[in-house]
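>>> A predicted structure for the sequence below; I have some questions about it.
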Amino acid sequence: MAALSFFTFFTLIIFLHSATVSAQSPAAAPAPSATNVTAILEKAGQFTTLIKLLKSTRMSDQINTQLSTSNQGITLFAPTDNAFSSLKSGTLNSISEQQKLQLMQFHVLPNFFSVSQFQTVSNPLHTQAGNSNDGQFPLNVTTAGNQVNITTGVVNATVANTIFTDNQLAVYQVDQVLLPLNIFGPAAPAPAPSAPKKSVKGADAPS
């Protein structure tokens, strides 16, 4: 009986000690969740078409990867479903899968920009689509007070709202799909026909 009482007392001491240690040990902080650009757009609503394009071109994966591996950040211009609906019928179906990727890349800047930073940027801005020269993928930004205007050479758009910003990722709602010159610009004029060769004066007439 004495042995049983001692065992019970010993077990109680161990239990109380464990409980005290557990109470004194701070709980480990949960690891910060990785930023997911499509989850941000889904939460905001009205970006169904953009989300589909980001996923089908795997551009969303590229954005999320860059956010986790680079400290330069990302800026995304996000056209709403209404912006896509206002496109001429068949616009998206008329371009190739490669051009759809370039279209999505054209909406992404490889750096974080706050609204105030757009007041001092140098145009044209470099997008993930690459070449910003005339006729390629130029993107120009101007500001008027707190309003940010975007010109592509094909469309003029306005930043309507800030969807998300955390000093690493900025997502701005725009009222137009940003159509790049390289894909949607006017076709290059056909080369002028060559002038007919002049006959040589004084050439011998055929016999």
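That came through, no problem.
>>> Please count neighbours and contacts with C-alpha atoms only from this point.
Noted.
>>> residue ranges with poor pLDDT in the protein?
1-33, 135, 187-207 (pLDDT under 70).
>>> What ranges does this protein have for its helices?
2-24, 37-44, 48-56, 59-69, 81-85, 97-106, 181-184 (DSSP state H).
>>> In this structure, which strand is the longest?
Among the elements of the chain assigned as strand by DSSP state E, the one spanning the most residues is strand 156-165.
>>> Quick one: distance of that one to the chain centre.
12 Å (C-alpha atoms, centre = their mean, to the nearest Å).
>>> Mind giving me the packing neighbours of that strand?
helix 37-44, strand 147-151, strand 169-174 (3 or more C-alpha pairs under 8 Å, 6 or more residues apart in numbering; DSSP states H and E).
>>> Pick the most deeply packed of the ones you listed.
strand 169-174 (a mean of 22; mean count of other C-alpha atoms under 10 Å).
>>> burial count for residue 74?
23 (other C-alpha atoms under 10 Å).
>>> right, so of the helices and strands packed on strand 156-165, which gets closest to residue 60?
For residue 60, the closest of these is helix 37-44, at 6.6 Å, according to C-alpha to C-alpha.
>>> if I look at residue 108, how far off is residue 152?
Relative to residue 152, residue 108 is positioned 13 Å away (C-alpha to C-alpha, to the nearest Å).
>>> just residue 90 next, same as before
On the measure of C-alpha to C-alpha, residue 90 and residue 152 end up 20 Å apart.
>>> These two: who's more crowded?
Legend: neighbour count by other C-alpha under 10 Å for residue 90 and residue 152, higher for residue 152 (22 against 8).
>>> quick one, what contacts that one?
By C-alpha atoms under 8 Å, 6 or more residues apart in numbering, the contact list for residue 152 reads 137-140, 178-181.
>>> quick one: which of the residues you listed is most hemmed in?
Greatest neighbour count in these, by other C-alpha under 10 Å, goes to residue 137: 27 neighbours.
>>> my read: that residue touches residue 180, true?
Yes - contact criterion C-alpha atoms under 8 Å: residue 137 and residue 180 qualify, at 5.5 Å.
>>> Can you check which residues contact both of these two?
Residues touching both residue 137 and residue 180 (C-alpha under 8 Å, 6+ apart) are 106, 152.
>>> Please flag which of the contacts of residue 152 sit within strands.
residue 140.
>>> Between the contacts of residue 152, which sits nearest residue 72?
Nearest to residue 72, judged by C-alpha to C-alpha, of those is residue 139 at 19.2 Å.
>>> Ends of stretch 45-63, what's the gap?
Taking C-alpha to C-alpha, stretch 45-63 runs 19 Å from one end to the other.
>>> how far out from the middle of the chain is that stretch?
A distance of 9 Å separates the centroid of the chain from that of stretch 45-63, by C-alpha atoms, centre = their mean.
>>> cool, and stretch 72-90?
With C-alpha atoms, centre = their mean, you get 10 Å for stretch 72-90.
>>> which residues are in contact with it?
For stretch 72-90, the surrounding residues in contact (C-alpha under 8 Å, 6+ apart) are 46-50, 63, 66-67, 107-113, 167-178.
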